[in-house]
Structure formats: structure tokens, C-alpha cells
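S.K.: No sequence on hand, only this structure:
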């Protein structure tokens, strides 16, 4: 009887530890912009959703000097750099690029009060090259 209680408690403990280990693994993803690693705030994560790398748009936009405007009411994010402009909406798999509608592989999402967007789509539309090293979990932007 005592052994079964100990095993039950051990099993419950393992259930609590497994999600924390998974969470820690996502924080290891790095973003390298022109050879320099971007420093992400502690509460911001790069996430992989259905094989799409999603990044917190504000972190990259601020480092690239893009203008980013967020409309909380419509959940719309507008990104602009010079004449390049993208409009994305959380939960919608279409974007407006230079007044044309473009389909996305995955819609922008709100995760922990942070808007994350597909890095490849946004970066390429803004004229950047994107690389992904799956083994090392590194996004490179040039």
C-alpha cells in the first residue's frame, strides 16, 4: 500500500515537471539579425506552430527600425518600412501587402499577450533573407 502511494506521488510529480521542461526548450531559440543576436525579453518566446516559426513582431520590428502599429480593438498589426507595408490580423490567414491580399501558411497569433507572426513571410515581404537552423534552433535574418 505504501509503495503504491509513493509511486502515485512520483507520477504526479513527473506530470508537473514535463511541461516545465518543454517550456524551457522553446526559450532556447535564437534570432540572429545581421550577425548580432537579438536579446528577447524574458517573457517573449519564439514558437514553432505547425512547422512555422513565429516571432514576436515588436522585437524584430524595433531592431529593424520598422514602424509597427497595433490596434487592440481589431487585433490588427500594421508594419511599415519606407514604401513597404504589411497589414496582419490575429487569427486571419490573409494579409494585405501593398494593397493586395496574400494568403498565409499560418495566421498571426496572440500568445501570452504578445502578437507572434510567421517570420519567413514578414521578413521576406520586407526584403530580408531568412534562414532556419532546426538543429540549433536559430533564425537568421540578413
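M.R.: Perfect, I can see it now. Quantities reported herein were computed from a predicted structural model and do not represent experimental measurements.

S.K.: What residues sit buried inside stretch 42-49?
M.R.: 44, 45, 46, 47 (16 or more other C-beta atoms under 10 Å). Using the backbone N, CA and C atoms, a C-beta is placed for each residue, glycine as well.

S.K.: let me fix that: stretch 66-85
M.R.: Across stretch 66-85, burial judged by 16+ other C-beta under 10 Å covers 66, 68, 76, 77, 78, 79, 81, 85.

S.K.: average pLDDT for it?
M.R.: Confidence over stretch 66-85 (mean pLDDT, whole number) is 90.

S.K.: Quote the end-to-end distance of that stretch.
M.R.: Stretch 66-85 has an end-to-end distance of 10 Å (C-alpha to C-alpha, to the nearest Å).

S.K.: cool, stretch 127-139 as well?
M.R.: First residue to last in stretch 127-139 (C-alpha to C-alpha) measures 16 Å.

S.K.: what about the helices in this structure?
M.R.: 2-26, 57-64, 119-125 (DSSP state H).

S.K.: returning to that earlier point: looking at the buried residues of stretch 42-49, which one is closest to residue 113?
M.R.: residue 44 (9.9 Å; C-beta to C-beta).

S.K.: Now for the closest one: which residues touch it?
M.R.: By C-beta atoms under 8 Å, 6 or more residues apart in numbering, the residues touching residue 44 are 56, 59, 114.

S.K.: which of those residues lies closest to residue 32?
M.R.: residue 59 (12.8 Å).

S.K.: For that closest one, grab the count of nearby residues.
M.R.: Residues near residue 59, counting by other C-beta atoms under 10 Å, number 19.
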